[in-house]
Structure formats: structure tokens, C-alpha cells
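A.B. asks: Give me the fold of what follows.
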Amino acid sequence: MTLPASELTDHLGYWLRYVSNHVSHAFARKVDAHGVTVAEWVVMRHLFEVERLAPSRLAERIGMTRGAVTKLADRLIAKSLLARTADPADGRAQTLALTPAGRALVPQLAALADANDAEFFDHLAAAERTALLNLLRDLVERHGLRSQPVE
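C.D. replies: So this is what the prediction gives:
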């Protein structure tokens, strides 16, 4: 005897992924027009808040491996958006910092993120947006999710 199988569309996860894929893809196209990936944007946005940061601390904040952060940093350095320098407190350690060009680009990319959010969610009433945001944050907290979405 064959057990019944639920429909794909019966699952909240299906709908979350459906919306997430479209929101993420639209944003990826927007930042790509400025020569960066979503993952690179995440790194840049975190570094925008600080003067400099050790790659290990950045990896911890984002929830990525050190190797992944190193690869992203290398790509951003090649694009002259990031600089790697010796840590002034410990010459053996290195820190990452946005270059002036990188620092100037972050607000432009943030505006794209704002526009992307508006494109997908501005039709919701303020209370609906707040409820959705609170539900998603609750799921993140309840399941102890740490790594930030970068792709």
C-alpha cells in the first residue's frame, strides 16, 4: 500500500523558499550591476561599522568559516574595495578594512537593498510587515540559526 504524499505547496518551507529565492535573486542582480556579489556585500556591510576587523572576528560575526571570509576578502581586495593590513597591536595578525572606494559603495548598495525590500514588501501594511519580521526573527532565535544568508 502506498502512503499519501503531501503536496509541495502544503509546506511553509516551500513558500519561504519560493519568496526567498525571488527576493534574493532580484537583489543579486542589483548588486551585480555594481560589480559585487551578495556575499561580498555582506562582508562590506559588516566592515562599514568598524574601522578594521580581524578576519576571524568577521567570520564569527557573519557565521562563515575563516576560509570563506579569506576568499571573499581576496576578491574584494582584487576589486580595490577592501585592504588587508598588519594589525597595529600585533604585527603577525592581519585586519581587514574598507578602502575609500569600498566605504563609498556601501551606502549605494544599502539603498539597493532598501529598494529590493520595497519592491517585494511595500504592499504589506505596516502591521503585516512587523508581524512577518517578528515571526522570522522568532524562527531564527528558536532554531539557533547563526550563519547569515549570503547567497
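
A.B. asks: now this structure, which segments are flagged as low pLDDT?
C.D. replies: Along the chain, segments meeting pLDDT under 70 span 151.

A.B. asks: What ranges does it have for its helices?
C.D. replies: Along the chain, counting by DSSP state H, helices occupy 12-32, 38-48, 55-62, 66-78, 100-121, 126-142.

A.B. asks: Point out the most buried one among those helices.
C.D. replies: helix 38-48 (a mean of 21; mean count of other C-beta atoms under 10 Å). For every residue, glycine as well, the C-beta is placed using N, CA and C.

A.B. asks: by contact count, what packs against that helix?
C.D. replies: Here helix 38-48 touches helix 12-32, helix 55-62, helix 66-78, strand 82-87, strand 90-98, helix 100-121, going by 3 or more C-beta pairs under 8 Å, 6 or more residues apart in numbering; DSSP states H and E.

A.B. asks: I'd like those as TSV, with distance to residue 1 appended.
C.D. replies: Shown next, in TSV, are the helices and strands packed on helix 38-48 (distance: least, C-beta to C-beta, whole Å):
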stretch	distance to residue 1
helix 12-32	26
helix 55-62	48
helix 66-78	47
strand 82-87	60
strand 90-98	59
helix 100-121	43
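
A.B. asks: so which of these comes closest to residue 39?
C.D. replies: Checking these against residue 39 by C-beta to C-beta gives helix 66-78 as the closest, at 5.7 Å.

A.B. asks: neighbouring contacts of the closest one?
C.D. replies: 36-37, 39-40, 43-44, 55-56, 58-59, 62, 64, 82-84, 96, 102 (C-beta atoms under 8 Å, 6 or more residues apart in numbering).

A.B. asks: what residues are up against the closest residue in space to residue 26 that isn't next to it in sequence?
C.D. replies: Nearest non-adjacent residue to residue 26, counting by C-beta to C-beta, 6 or more residues apart in numbering: residue 116, 5.6 Å away. Counting by C-beta under 8 Å, 6+ apart, residue 116 touches 23, 26-27, 30.

A.B. asks: For residue 56, which non-adjacent residue is spatially closest?
C.D. replies: residue 66 (5.8 Å).

A.B. asks: Actually, residue 63.
C.D. replies: Leaving out its chain neighbours, the residue that sits closest to residue 63 by C-beta to C-beta, 6+ apart is residue 147, at 3.4 Å.
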